[in-house]
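In: Predicted structure and sequence below. I'll ask about it afterward.
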Amino acid sequence: MSNTVLNLENIAIGYQSSKKEHIICRNIYFNLYQGELVCLLGRNGSGKSTLLKTIANMLPTLQGSITINQIDYSNLSALDFAKNISIVLTESLPENSLTVFETIALGRQPYTNWLGKITEEDEQIVLNAMELTDTVSLKNNFVNQLSDGQLQRVMIARALAQDTPIILLDEPTSHLDIHHKINIFKILRKISKETQKTILISTHEINLALKNSDRLLLIDNHTFSIGNVQESKIQDKLTSIFNSDDIKYDAKSNQFIF
Ligand SMILES: Nc1ncnc2c1ncn2[C@@H]1O[C@H](COP(=O)(O)OP(=O)(O)OP(=O)(O)O)[C@@H](O)[C@H]1O
């Protein structure tokens with residue numbers, strides 16, 4: 001029996017202002033389990049970033065409740081969130097003047113004292129994160145002198161150093177060439193299996209998602225589905241979201257052909 005890490009119960013996601021509520025998707029129910037890699041797929045504007053930011057508690061839930069390791073979000077402090085969920089957003093660039101090591105060490109902030117001094121144990125965790133993401137050789141480089149692929153690996157290492165049971169990534173392979181896209185998916189798969197962390201990523205790389213994920217989370221037209229790609233309901237949903245005259249899902253080879 002898999003361990004449930006995250007539970008969403010009848011969630012509605014969206015945006016609210018003093019005058020109105022703009023709901024993107026409602027009636028969202030699902031669990032995420034320890035050690036699984038789940039890819040969140042959907043067309044532009046379907047609500048992928050909104051869902052990730054809601055899970056990261058950067059946006060309020062408009063309805064329903066979320067629990068992490070059976071603790072309701074309403075009972076968690078900002079520090080508790082930082083110890084339970086890390087998020088890598090494409091737009092969140094690190095401080096330019098820091099080295100790769102210093103940037104990754106920032107992931108230890110929830111555990112360090114007010115001076116931000118890291119212990120030998122913190123340093124070991126940072127080094128482990130660098131090894132898993134193949135960034136050891138970049139240790140003393142400045143982050144503003146990295147390629148997009150190197151920077152993405154550093155940001156994943158920083159999330160790993162935060163040592164949370166859940167890691168969320170919003171389009172971690174945008175701007176990367178195909179070689180580096182494949183590399184990032186391989187690294188994420190390796191992390192989920194070797195560290196038993198739960199990883200949820202939004203992506204437009206449908207074929208890489210089909211190949212690497214344990215389950216797919218599909219969001220479209222204010223509805224969502226979660227499941228294994230072998231399930232017919234997931235195949236039907238994939239087809240209804242992405243099939244067109246130019247692109248077709250081929251269940252036999254489990255890929256989109258275009
Ligand atoms: N701050 C905001 N206030 C109000 N509406 C927003 C805000 N940010 C996004 N939206 C709207 O919410 C919807 C979902 O946006 P979201 O960014 O979650 O989609 P997405 O699936 O991540 O898109 P993409 O694949 O293009 O990155 C869109 O209609 C968008 O215009």
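Out: Happy to help now that I have it.
In: quick one: low-confidence ranges for the stretch 101-250 of the chain?
Out: Across the stretch 101-250 of the chain, the stretches falling below the confidence threshold (pLDDT under 70) are 114.
In: For it, just list every one of the helices.
Out: Shown for the stretch 101-250 of the chain, the helices assigned by DSSP state H, counting those that start in this stretch span residues 120-132, 148-161, 178-195, 206-212, 232-242.
In: Would you mind listing what in this structure touches the ligand?
Out: Counting by C-beta under 6 Å from any ligand atom, the residues of the chain lying close to the ligand are Y15, H22, I24, G42, N44, G45, S46, G47, K48, S49, T50. All C-beta spots, glycine's among them, are computed from the backbone N, C-alpha and C.
In: Would you convert the residues you listed into a markdown table that also reports neighbour count, secondary structure and distance to T61?
Out: Listed next are these as a markdown table, based on neighbours: other C-beta atoms under 10 Å; DSSP: H, G, I helix; E, B strand; the rest coil; distance: C-beta to C-beta, whole Å:
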| residue | neighbour count | secondary structure | distance to T61 |
| --- | --- | --- | --- |
| Y15 | 13 | strand | 12 |
| H22 | 10 | strand | 14 |
| I24 | 20 | strand | 12 |
| G42 | 21 | coil | 19 |
| N44 | 6 | coil | 23 |
| G45 | 9 | coil | 20 |
| S46 | 22 | coil | 18 |
| G47 | 23 | coil | 13 |
| K48 | 22 | helix | 16 |
| S49 | 19 | helix | 15 |
| T50 | 21 | helix | 11 |
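In: Name the nearest of those residues relative to S253.
Out: Of all these, S253 sits closest to G42, with 22.2 Å by C-beta to C-beta.
In: Tell me how many other residues crowd the closest residue to that closest one other than its chain neighbours.
Out: Closest residue in space to G42, ignoring its immediate chain neighbours: I219 at 4.0 Å, by C-beta to C-beta, 6 or more residues apart in numbering. When neighbours are defined as other C-beta atoms under 10 Å, I219 has 25 of them.
In: and if you look at the one 3 residues further on?
Out: Burial measure for H222: 13 neighbouring residues, criterion other C-beta under 10 Å.
In: how near is it to L216?
Out: Relative to L216, H222 is positioned 18 Å away (C-beta to C-beta, to the nearest Å).
In: Then N31?
Out: 14 Å.
In: between these two, which one's more packed in?
Out: Counting neighbours by other C-beta under 10 Å for N31 and for L216 shows that L216 has the greater number, 22 against 15.
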